[in-house]
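[1] Sequence isn't available, so here's the structure alone:
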């Protein structure tokens, strides 16, 4: 019996190879440019299947990838000519313990499932701002969401994880068991194993909130950027608010340049309108309203649909500067007019920083705890013949926009290096980039990598070089 036949005989899930009728669907990803033609896609049923898959891949020297939600832009959830451990088909459930305010979440679940399950009990945790994002990637990269103002990052609400390590062993990581591993996975990415279950702390959550998009087209755009500076000076956002600022063009035939504010207030419509009164007084196109909480993380879904080509890059901006924001907006107007085949966006995320900054920078692998804005620039284009050839141009454009975004920083390069880890567009990240991103936490991550994965079986995302 061949080694592949032996693997098949011990595997309880579904195995898809290039001759399978479901192969193209099995390798599809949120970003079309992230598709890689794997040799094997292993839809695992449980942690024992994961263990078998890891052992087979390492024995056969197949490059390994882990797929949860499949949202990685550079293809971290894909493996060219390798093996993909896909958690999405069978390990995607959510169980709520309402008495203990805890959620048990499968490693292949999407945030939509978590939001829907928890809110039935008047509970929630910090999920992603796009609800078709996978729970695993967002959590392991730190996790940014509207509730972070109130409850910290997603990884700060992780209580425990069940994992399969590079040697195939199955372990639990929490504050008292494999504590070093638990520290590492809270911001250290998929460098240490396959997480088959996440256990999250839940918080009491009202059933409805005020949220939506305020659009400021044409002359209102610059005025909104200036108003934002005044709004922040008043002490906003409070722990009840979060804003995502996006500079782009409206998705209409006229492609009018505009500033969009995705607003969130964890309260009633009356309270929300009061909090955002300065912006509403500008008479924007107003799509904000009181809505069921579980719909909040779907507000942006239409603009980030599956099947587009995408390139994105992040930055960590120390504080908001309206003059820099105006320069960035002006640059986007020019760039988007020149490249009508691309949908271009640059944005900043605003949280109340008290909760996230109240955690020590060495308490978890996620080290960037200083007050900052989460910056991103991205470009989208349709999946059509020749689409892949646009990647280099899209990358150069996005990088130019990021350069403008960080132009007001004391150290622009550091601002780029400290970007939120899940806003990454490039593959083959060098160790030096990882070191710059994790800062003082990198040596400890290297020691933990040496202990749990010295052979670098897991080497996607920001790779960590094992200590020598």
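    Sure thing, it's come through. Remember, it's a predicted structure, so these values are computed and weren't measured experimentally.
[2] and residue 296, what is it in contact with?
    Under the criterion of CB atoms under 8 Å, 6 or more residues apart in numbering, the contact list for residue 296 reads 115, 146, 209, 211, 264. C-betas here are computed from N, CA, C, even on glycine.
[3] Before we move on, what's the pLDDT of residue 39?
    Confidence at residue 39, expressed as pLDDT, is 98.
[4] Kindly report the same for residue 1.
    In the predicted model, residue 1 carries a pLDDT score of 65.
[5] hmm, back to that, possible to save the contacts of residue 296 as CSV with secondary structure?
    Compiled in CSV, the contacts of residue 296 are given as follows (DSSP: H, G, I helix; E, B strand; the rest coil):
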residue, secondary structure
115, helix
146, coil
209, strand
211, strand
264, strand
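[6] Compare those residues and tell me which is most surrounded.
    When the contacts of residue 296 are compared by neighbour count (other CB atoms under 10 Å), residue 146 ends up highest, at 29 neighbours.
[7] quick one: contacts for it?
    Contacts of residue 146 were listed using CB under 8 Å, 6+ apart, and they are 129, 211, 242, 264, 266, 296-297.
[8] Phi first, then psi, for it.
    phi -60, psi -30 (degrees, to the nearest 10).
[9] circling back: of all the contacts of residue 146, which comes closest to residue 350?
    The shortest gap between residue 350 and any of those belongs to residue 242, at 6.5 Å (CB to CB).
[10] Bridging across strands, which residues link to that closest one?
    Beta-bridge pairing of residue 242, defined through DSSP bridges, involves residue 264, residue 351.
[11] Let me see the contact set for it.
    Shown here is residue 242, whose contacts under the criterion CB under 8 Å, 6+ apart are 145-149, 264, 349-352.
[12] Could you check the pLDDT of it?
    Looking at residue 242, its pLDDT is 98.
[13] Turn the contacts of residue 146 into JSON lines, columns for distance to residue 339.
    Written out in JSON lines, the entries for the contacts of residue 146 read as follows (distance: CB to CB, whole Å):
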{"residue": "129", "distance to residue 339": "26"}
{"residue": "211", "distance to residue 339": "31"}
{"residue": "242", "distance to residue 339": "30"}
{"residue": "264", "distance to residue 339": "31"}
{"residue": "266", "distance to residue 339": "38"}
{"residue": "296", "distance to residue 339": "31"}
{"residue": "297", "distance to residue 339": "29"}
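[14] So what's the residue count around residue 84?
    By the criterion of other CB under 10 Å, residue 84 has 27 neighbours.
[15] Outside of the one helix or strand it maps to itself, which residues are in contact with it?
    When secondary structure is defined using DSSP states H and E, the element that contains residue 84 is strand 83-86. By CB under 8 Å, 6+ apart, the surrounding residues in contact with strand 83-86 are 26-27, 38-44, 50, 53-54, 56-57, 60, 62-67, 77-78, 108, 194.
[16] follow-up on the earlier one: farthest-separated two in the contacts of residue 242?
    For the contacts of residue 242, and using CB to CB, no pair is farther apart than 147 and 350, which are 13.8 Å apart.
[17] list the helices and strands the helix or strand where residue 259 lies packs on?
    Element membership of residue 259, judged by DSSP H and E, is strand 257-265. Strand 257-265 is packed against strand 208-217, helix 220-233, strand 241-249, helix 269-275, helix 322-338, with contacts defined by 3 or more CB pairs under 8 Å, 6 or more residues apart in numbering; DSSP states H and E.
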